[in-house]
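Novice: would you be able to build a 3D model of this:
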Amino acid sequence: MASSCCSEGWKQARLGGMDFAKLDWVLPHQANGSMDRHLRMHLPSGAKVVVHADRVGNTGSAAIWLAFDEIRKSLSPGQSVLVLGAEATQYMYGDHLPP
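Specialist: Next up is the predicted model:
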């Protein structure tokens, strides 16, 4: 499990068919920009964790949507995106956008 704060997200993504070996992007809820450090060791080497809290601060439930906006023009067909929500986004568990 990547981190106790993301365990439900990992579980739901796995149940939804997420192949972590082929993961391209991770959009975690982030309060302080440290999620990259916590997730990196559990991800394939090419996966990118979008971190912006260190630049823009804690944006609460908007964090995931701001991260998605940050990468949307960089996404290519067939890439997978794992979304990990927490706190105010508690009803948005982990899932992925399949290719």
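
Novice: mind listing what's buried in stretch 41-56?
Specialist: By 16 or more other CB atoms under 10 Å, the buried positions in stretch 41-56 come out as 43, 47-51, 53. In short, each C-beta sits where N, CA and C put it, glycine included.

Novice: where does this protein dip in pLDDT?
Specialist: When residues are selected by pLDDT under 70, those of the chain lie in 1-7, 86-99.

Novice: got the residue ranges for the strands in it?
Specialist: 25-28, 48-49, 81-84, 95-97 (DSSP state E).

Novice: of all those, which one is nearest Ala67?
Specialist: strand 25-28 (4.5 Å; CB to CB).

Novice: re earlier: would you list the strands of the chain in JSON lines and tack on distance to Ser74?
Specialist: Below are the strands of the chain laid out as JSON lines (distance: least, CB to CB, whole Å):
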{"stretch": "strand 25-28", "distance to Ser74": "9"}
{"stretch": "strand 48-49", "distance to Ser74": "9"}
{"stretch": "strand 81-84", "distance to Ser74": "11"}
{"stretch": "strand 95-97", "distance to Ser74": "14"}
